[in-house]
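[1] structure here, sequence nowhere to be found:
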């Protein structure tokens with residue numbers, strides 16, 4: 001059964017509530033051997049709620065996410081596969097190559113606006129760090145010379161990048177971590193859990209027979225992370241959101257800049273969207289697609305989402321909300337200051 005049919009056909013009954021990193025999750029079960037664990041991993045908060053599992057399972061998930069960061073995808077760790085790739089321009093690692101292949105396909109579909117070779121560009125802006133600044137145009141032009149996903153090759157497990165390039169997997173890292181969490185949950189025969197890696201969610205199983213997780217869609221215009229405009233009732237999927245309200249800094253003139261950079265021009269993307277929430281069956285795709293959709297806009301997103309059997313919620317600057325067909329029966333608008341678009 002496709003993801004779309006799974007979402008549409010699910011019978012969802014949702015009770016209770018708790019807050020999880022800017023996304024509201026309505027909690028239905030309180031007595032099913034619940035295990036809660038919170039860590040700081042990958043530079044963000046990782047929250048686990050596991051039913052029918054145990055503390056050891058939660059520890060295994062935390063360990064696997066830590067391994068992912070330190071051995072594979074962090075450019076900040078010189079000994080990780082990505083760190084070695086950026087330093088030596090090549091590395092042999094089949095797993096990393098699989099992630100890069102997914103990202104390169106997303107780059108192609110976005111027309112190059114999404115590009116993981118933008119490492120020098122993201123470091124130049126430093127958005128989300130105390131060093132955030134608006135670079136000089138000459139600095140941006142220089143960084144852009146190293147951005148081109150077409151220069152990456154992944155042959156027989158060997159990854160090679162171009163001279164001066166720097167790979168940054170930050171746009172998909174949290175989603176990959178959710179994929180890792182699902183692997184551990186299945187290994188340990190856990191049937192119900194929700195894992196939040198800095199706002200990217202793994203929704204595993206149902207709360208109980210016939211009962212789904214109910215997830216609040218954040219109000220992107222509010223500074224209150226618990227403020228929401230709608231709810232989604234979901235089971236067995238991954239959910240990620242990209243928005244211009246995340247990782248924002250203000251320059252000396254009071255102008256705000258967000259972290260979603262257009263790899264073609266080197267600047268935060270200017271669009272009529274404020275956020276995109278994507279629901280799909282792989283974490284790397286929910287994470288990557290939410291960024292891609294924000295970059296390319298609503299109309300171009302529809303064909304891309306269809307290619308991956310993914311669904312999405314788009315929130316526009318005029319407070320219009322558009323929901324793809326496969327989510328409409330599971331979406332409830334709760335804030336009347338927003339309106340549903342056609």
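    Nice, thanks for sending it over. Since we're looking at a predicted model, the values are computed, not measured. Residues are numbered from 1 along each chain as shown.

[2] tell me, how many neighbours does the residue nearest to residue 316 when sequence neighbours are not counted end up with?
    Excluding its sequence neighbours, the residue lying closest to residue 316 (C-beta to C-beta, 6 or more residues apart in numbering) is residue 272, at 5.4 Å. In short, each C-beta sits where N, CA and C put it, glycine included. The local packing of residue 272 (other C-beta atoms under 10 Å) involves 11 other residues.

[3] OK, contacts around residue 272?
    For residue 272, the contacting residues are 297, 298, 316, 317, 318, by C-beta atoms under 8 Å, 6 or more residues apart in numbering.

[4] can we see that at 10 Å?
    297, 298, 314, 316, 317, 318, 320 (C-beta atoms under 10 Å, 6 or more residues apart in numbering).

[5] which of those residues are buried, as a PyMOL select command?
    A single PyMOL command selects the buried members of the contacts of residue 272 (16 or more other C-beta atoms under 10 Å):
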select buried, resi 297+298+314+316
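
[6] next, format the contacts of residue 272 as CSV and append pLDDT.
    Shown next, in CSV, are these (pLDDT from 0 to 100):
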residue, pLDDT
297, 97
298, 98
314, 98
316, 98
317, 97
318, 97
320, 98
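
[7] poorly predicted segments of the stretch 201-342 of the chain, please.
    208-209 (pLDDT under 70).

[8] and the next element down the chain from the helix or strand hosting residue 99?
    Secondary-structure assignment from DSSP states H and E places residue 99 in helix 94-109. Per DSSP H and E, the first helix or strand lying C-terminal to helix 94-109 is helix 119-125.

[9] next secondary structure after that following helix?
    Following helix 119-125 in sequence, per DSSP H and E, is helix 137-144.

[10] gap between that next one and the chain center?
    27 Å (C-alpha atoms, centre = their mean, to the nearest Å).

[11] who touches it?
    Looking at what lies outside helix 137-144 - C-beta under 10 Å, 6+ apart - the contacts are 118-125, 133-136, 164, 166, 261, 263-267.

[12] quick check, nearest of the contacts of residue 272 to residue 182?
    Nearest to residue 182 among those: residue 314, at 25.9 Å, using C-beta to C-beta.

[13] now for residue 331: which residues touch it?
    7, 217, 230, 231, 232, 233, 311, 313, 321, 323, 324, 340.

[14] can I get the residues you listed in JSON lines with distance to residue 241?
    Shown next, in JSON lines, are the contacts of residue 331 (distance: C-beta to C-beta, whole Å):
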{"residue": "7", "distance to residue 241": "17"}
{"residue": "217", "distance to residue 241": "8"}
{"residue": "230", "distance to residue 241": "12"}
{"residue": "231", "distance to residue 241": "14"}
{"residue": "232", "distance to residue 241": "11"}
{"residue": "233", "distance to residue 241": "17"}
{"residue": "311", "distance to residue 241": "13"}
{"residue": "313", "distance to residue 241": "8"}
{"residue": "321", "distance to residue 241": "13"}
{"residue": "323", "distance to residue 241": "14"}
{"residue": "324", "distance to residue 241": "15"}
{"residue": "340", "distance to residue 241": "18"}
